[in-house]
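J.: Quick one: sequence plus predicted model below, questions after.
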Amino acid sequence: MFKAHHLEIIHQYVSYCVKKKDVSPTKFHHSTHPYSRKQSTFELLKKAEENLVIFSPRLLCLPDISVSFVEYSRIPLLDLYKEKKNDPNVTYVMALTGAYSLIYFSYGKRTLKYTKCTMSSFPGISFTEIDPTKHKKGKLEDMPKPENWDKLHWGVYKERKDPKRSSVEVGKILGVSYQTVLTRFREILKTCQIWMPFFPSGYPNYAKYIISLKTDYEIGLIEELEKLDRSSYVYKTNDTLILTIFFDRHLEIDSFLKLEKKGVIHDMRVSFPVDSSNIFYEKW
C-alpha cells in the first residue's frame, strides 16, 4: 500500500502531532521538510487517512469516567449494546465475545485512571520480543483530570475534539471571538493529549484483541508496546489494564500467554470485538 519511506514520513507526522500537540500539516512540513513541495506532504497525509493508516487526530482529556464489565453470556448482548450506544452518558462501548460480552465507559465515579494511544516505533519489534521485565517494576500514575475549567472550557473542548477544526468556526458556534477560543484551547492542551493511532498495514488488516490483565510492570509493558510498529490502546481501571492490541496474525496472542506463564502478567482475560462505538471516532 505504502512504501517504507512513505510510512516513515507518516509516522513522523504522528510523532510530531502527539509530542508537539500541534496537528498542522503545514507546520509539520516546514519543520521536517519531507518533500520540497508542501502539496506532496498534504497528499501523502490525506492518502494515509483515507487508507486508515492514520486516523484524524482527536483531543482527549480524562474527566470522571467509570468502567463497567459485563461477563460473557454465550451470545453477544446486542440489545444492551444498543442501549449503551444510545446512552448520552456512555462515552465508549464495546460489544465482545470471549471473556466479556460488554465493556463500557460512562460518566460517573472515577475508576478510569489512565488512557493512552501508544506512540509506536517504525520500524518496530515483533510481539515475541516484548519483555516488560527489562524494566523495573512500576505502576502507571493516574492521569490528571481537568481542574478549574469553566463552561466555556468545556464548550471549546467539545467543539474542538477535532483539533483541526478552526477557532473561527468554533467561535461562531459558541458566540465568542476566535481569540477567546484560541486562549481556552491553549489552556485545555495543558491537560489533554493528542490521540492519533498509526497502523502501517491499514486499520482493517489487523486481528483485534481486547486483553485485560494485571501486572507489577505496568510502565514496562507500555514501554515495550511502544516498540511495536503499530499503536495499541491502553486503559487502566483500578488495578486492571485493558489493552486493545492489533496483531498481524491470531497466533501472536501466544506472546501474552507466555508472559502469563512466566508470571509477568496475571488475571489475563481475552475478548474479541464484535462492534464498538465512541464519541471520538463514530465509525470505529
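T.: Perfect, I can see it now.

J.: partners of the strand or helix carrying residue 267 in the sheet?
T.: Here residue 267 sits within strand 265-278, counting by DSSP states H and E. The pairing partners recorded for strand 265-278 under DSSP bridges are strand 90-98 (antiparallel), strand 207-215 (antiparallel).

J.: how about low-confidence regions in the stretch 51-200 of the chain?
T.: 75-76 (pLDDT under 70).

J.: For it, which segments are assigned as helices?
T.: With DSSP state H, counting those that start in this stretch as the criterion, the stretch 51-200 of the chain has helices at 78-85, 151-159, 167-174, 178-189.

J.: Adding mean neighbour count and distance to residue 229 as columns, could you present the strands paired with strand 265-278 in a markdown table?
T.: The way it works is simple: take the backbone N, C-alpha and C, and place the C-beta from them, glycine included. Shown next, in a markdown table, are these (neighbours: other CB atoms under 10 Å; distance: least, CB to CB, whole Å):
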| stretch | mean neighbour count | distance to residue 229 |
| --- | --- | --- |
| strand 90-98 | 20 | 24 |
| strand 207-215 | 18 | 15 |
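
J.: How many residues are close by the closest residue to residue 161 other than its chain neighbours?
T.: Using CB to CB, 6 or more residues apart in numbering and skipping the chain neighbours, the partner closest in space to residue 161 is residue 59 (5.1 Å). Residues contacting residue 59 under the criterion other CB atoms under 10 Å number 22.

J.: Surely residue 59 is in contact with residue 192?
T.: Yes - at 5.1 Å, residue 59 and residue 192 qualify as touching, with contact defined as CB atoms under 8 Å.

J.: on that earlier part again, looking at the helices of the stretch 51-200 of the chain, which is closest to residue 208?
T.: helix 78-85 (16.4 Å; CB to CB).

J.: Alpha carbons only: can I get the closest one in CSV?
T.: Only the C-alpha atoms of helix 78-85 are listed here, as CSV (Å, rounded to 0.1, in the frame of the first residue of the first chain):
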residue,chain,number,x,y,z
LEU,A,78,-26.7,-6.7,21.3
ASP,A,79,-29.8,-5.2,22.9
LEU,A,80,-27.7,-4.0,25.8
TYR,A,81,-25.0,-2.8,23.4
LYS,A,82,-27.6,-0.7,21.5
GLU,A,83,-28.9,0.7,24.8
LYS,A,84,-25.4,1.8,25.9
LYS,A,85,-24.6,3.1,22.4
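
J.: Give me the angle between it and strand 90-98.
T.: 160 degrees (axes from the mean of the first three to the mean of the last three CA atoms, to 10 degrees).

J.: Show me what the strand or helix carrying residue 220 is packed up against.
T.: Under the criterion of DSSP H and E, residue 220 resides in helix 218-225. Contact here means 3 or more CB pairs under 8 Å, 6 or more residues apart in numbering; DSSP states H and E; on that basis helix 218-225 packs against strand 233-237, strand 240-247.

J.: So for residue 206, which of the ones you listed sits nearest?
T.: Checking those against residue 206 by CB to CB gives strand 240-247 as the closest, at 3.8 Å.

J.: Quick check: closest non-adjacent residue to the residue positioned nearest the centre of the chain.
T.: Centroid-nearest residue in the chain: residue 117, 3.3 Å away (criterion: CA atoms, centre = their mean). Nearest residue to residue 117, sequence neighbours excluded (CB to CB, 6+ apart): residue 195, at 4.8 Å.
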